[in-house]
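# predicted coordinates and the sequence they were generated for:
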Amino acid sequence: MKKTKTYESIELSSSQEDYIKEIFHLAERGEPVTTLALAQKIGVKAASVTEMVKKLTKLGLVQRKPYYEISLTETGIRIAMEILRHHRLLETFLVEKLGYQWDEVHGEAERLEHVISEQFEQAIAKLLNHPLRDPHGDPIPSQELVMPFEEQEQELVTLDKGEKAEVKRIIAQDPQSLRFFNTLGLLPGTMVEVLEVSAEEITLQIWGKAPHQASIPLFIGKKIKVIPRQLPHRECSKEL
């Protein structure tokens, strides 16, 4: 039997929730939300996506934009925000209270997000002191389903040589990528400075627990969202 959950008087299966969340993710990252993109992200055939989109459209949660792009309706967005709130609170809970590593929590949160009650959600939010971001830097919607206001983020690779910034968010879910970022010390809250930029890679000064320099491919740098900052004086004194 498929698990179902009711949102705003609409009963949804776990699979339907996953589609709604993935549509939101793609739009949030500025990527085209198409049948092919969803099929690749979810790991199903395009025909399966087409059928699911039809079902979600009938429920009033999805609509088609011109040029075949898919978007969420206002109700669909609210449901996506609630699912994301569950997921990101769970990831934070697993790391901060149960000792999980940040590369271990995505799958656990994926399974649990569909079944926790609103009472449980509110309890862990209170226990965690109502965090604004999860361990990967992703913003956590409030109980009112509003994203916290944040400064405009940009990709690390858009910075020029000599620019400094704070890492705010890592756009990755697979354990291998997250372990790679962890090894380099490229975590949310870390300060970095661009030392060199070439056609293939970007070289950084990273001020983590152990300040060091590292070069990473540009396609990896695109997964790191930053906000330009001036380095605090105490960090400047650590320059190599």
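Noted; the coordinates are in hand. Since this is a predicted model, take the numbers as computed values, not measurements.

# the residue most central in space within the chain and V197: what is the separation?
When Cα atoms, centre = their mean is applied to the chain, the residue found nearest the centroid is D138 (4.5 Å). For D138, the distance to V197 equals 26 Å [Cβ to Cβ, to the nearest Å]. Where you see a C-beta, it was placed from the backbone N, CA and C, and this is true even at glycine.

# what of K164?
14 Å.

# please apply the same query to H25.
From H25 to V197 the distance is 28 Å (Cβ to Cβ).

# ditto for L26
28 Å.

# try H106
From H106 to V197 the distance is 30 Å (Cβ to Cβ).

# longest single helix anywhere in this protein?
helix 74-96 (DSSP state H).

# helices of this protein, start to end?
Using DSSP H, helices in the chain cover 14-28, 35-42, 46-58, 74-96, 105-112, 118-127, 175-184, 218-221, 233-236.

# please identify the most buried of these.
For the helices of the chain, the largest average neighbour count (mean count of other Cβ atoms under 10 Å) is found in helix 74-96, namely a mean of 21.

# for that helix, which helices and strands make contact with it?
With contacts taken as 3 or more Cβ pairs under 8 Å, 6 or more residues apart in numbering; DSSP states H and E, helix 74-96 sits against strand 4-7, strand 10-13, helix 14-28, helix 105-112, helix 118-127.

# for the protein, give me the ranges with low pLDDT.
1-8, 66-67, 232-240 (pLDDT under 70).

# thought T35 was touching Y68?
Yes. Using Cβ atoms under 8 Å, T35 is in contact with Y68, at 7.2 Å.

# how is this structure divided into domains?
1-150, 154-236 (automatic domain parsing).

# figure out how far the last one is from the centre of its chain.
In other words, domain 154-236. 17 Å (Cα atoms, centre = their mean, to the nearest Å).

# over to stretch 75-90?
12 Å.

# what comes into contact with stretch 61-81?
7-8, 10, 12, 17, 20-21, 23-24, 27, 32-35, 38, 53, 56-57, 60, 141, 145-147 (Cβ atoms under 8 Å, 6 or more residues apart in numbering).
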